[in-house]
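S.K.: Starting from these lines, generate the structure:
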Amino acid sequence: GVGAVANFIGRRGPGLFAVGFASADVKEFCAHLETQGVYFHERDRQIFLTSDKGVDLPGLNLVVTAARKREPAGLLERLCGATLLHRAVEPGEALLRILGVHSSRRSKVRQAIPGFTGTVIRLGQGLTSHFAILAPWGNDTPIGQFFLRHGPGLHVAAALSEKLAAIRERIASLGHAAPARAADGLLLMPSQLLGGARLAVFARAAGCSSWHVSSPMFDTPAAWA
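M.R.: Numbers count the residues shown, from 1 in each chain. Model (predicted):
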């Protein structure tokens, strides 16, 4: 049908559409957005912010849901991060303001190889979740080539699982090649298995809490074939 999802598919093709956050108090978060003059849409006890209305970061859509205990679905324990590719000046400032996150949770990053600069925002408590906004320097790296093809938008999501071997076996049982093991405790899921979405799965030993932008998830092009 017609709407934000159709616009996304028409503009970028298959891929990651939105990032979901959990809030301990959705009403309080709505009040915060109103004080910031941020446009949002509320429906079925969820808050929606789109890249053209509210977020003001091209390629980023947000969904905010009330936090509650949830049982893991399937072989993944939890989703724990996402990475947005963008080339705006200080795009992290806009997201900090929207989310109401203190600037102390932001870290600036710069990597000569595979060639990007950006910001990582740490979220939540306990097992750390993160949101990274990276700006590729050129078009001769995997993330630079992705940015050249698709423009600003979500590049990869990260998940945590203690069952990496079972995930590889599950994929093989469906007749697909096993995902690449980019490093100990890290699997890179081929995008064609997930409708165009890229997913990096960490073992607890490595974990999303130790995620770093120099991870091989950014410079292993064959793994994302």
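S.K.: where along the protein do the strands fall?
M.R.: Here the chain has its strands, by DSSP state E, at 19-23, 41-43, 46-49, 62-66, 78-85, 106-111, 116-123, 129-136, 153-160, 180-183, 186-189, 199-202.
S.K.: and the most centrally placed residue in the chain, what does it touch?
M.R.: For the chain, Ala82 is the residue whose C-alpha lies nearest the centre (C-alpha atoms, centre = their mean; 1.7 Å). Neighbouring residues of Ala82 by C-beta atoms under 8 Å, 6 or more residues apart in numbering: 16, 19, 131-132, 154, 156-158. Where you see a C-beta, it was placed from the backbone N, CA and C, and this is true even at glycine.
S.K.: tell me the pLDDT at it?
M.R.: Model confidence at Ala82, given as pLDDT, is 91.
S.K.: Adding distance to Thr35 as columns, could you present the strands of the chain in CSV?
M.R.: Output for the strands of the chain, formatted as CSV (distance: least, C-beta to C-beta, whole Å):
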stretch, distance to Thr35
strand 19-23, 15
strand 41-43, 16
strand 46-49, 15
strand 62-66, 16
strand 78-85, 24
strand 106-111, 21
strand 116-123, 20
strand 129-136, 22
strand 153-160, 27
strand 180-183, 42
strand 186-189, 39
strand 199-202, 35
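S.K.: Nearest to Ala4, out of these?
M.R.: strand 46-49 (8.1 Å; C-beta to C-beta).
S.K.: Now the closest one: average pLDDT?
M.R.: Mean pLDDT, strand 46-49: 91.
S.K.: Could you check how far it is from the centre of its chain?
M.R.: 17 Å (C-alpha atoms, centre = their mean, to the nearest Å).
S.K.: same thing with stretch 66-76?
M.R.: 17 Å.
S.K.: and stretch 136-156, what's its mean pLDDT?
M.R.: 86.
S.K.: right, and Gly118 touches Arg106 too?
M.R.: No: contact between Gly118 and Arg106 fails when scored by C-beta atoms under 8 Å: they sit 10.4 Å apart.
S.K.: helices and strands of the chain: which one has the lowest mean pLDDT?
M.R.: strand 180-183 (a mean of 67; mean pLDDT, DSSP states H and E).
S.K.: So which of the strands of the chain is nearest Gly92?
M.R.: Taking C-beta to C-beta, strand 116-123 is the member of these nearest to Gly92, at 3.5 Å.
S.K.: and that closest one, which residues are buried?
M.R.: Residues of strand 116-123 classed as buried: 116-122 (neighbour count, 16 or more other C-beta atoms under 10 Å).
S.K.: likewise stretch 41-59?
M.R.: 47-51, 54-59.
S.K.: ok, and what's touching that stretch?
M.R.: With C-beta under 8 Å, 6+ apart as the test, stretch 41-59 has contacts from 4, 12, 23, 26, 29-30, 33, 38-40, 60-66, 84-86, 88, 91, 94-95, 98, 133, 151-154.
S.K.: Just the buried subset of these, please.
M.R.: By 16+ other C-beta under 10 Å, the contacts of stretch 41-59 give 4, 12, 23, 26, 29-30, 33, 38, 40, 60-62, 64, 84-86, 91, 94-95, 98, 133, 152-154 as buried.
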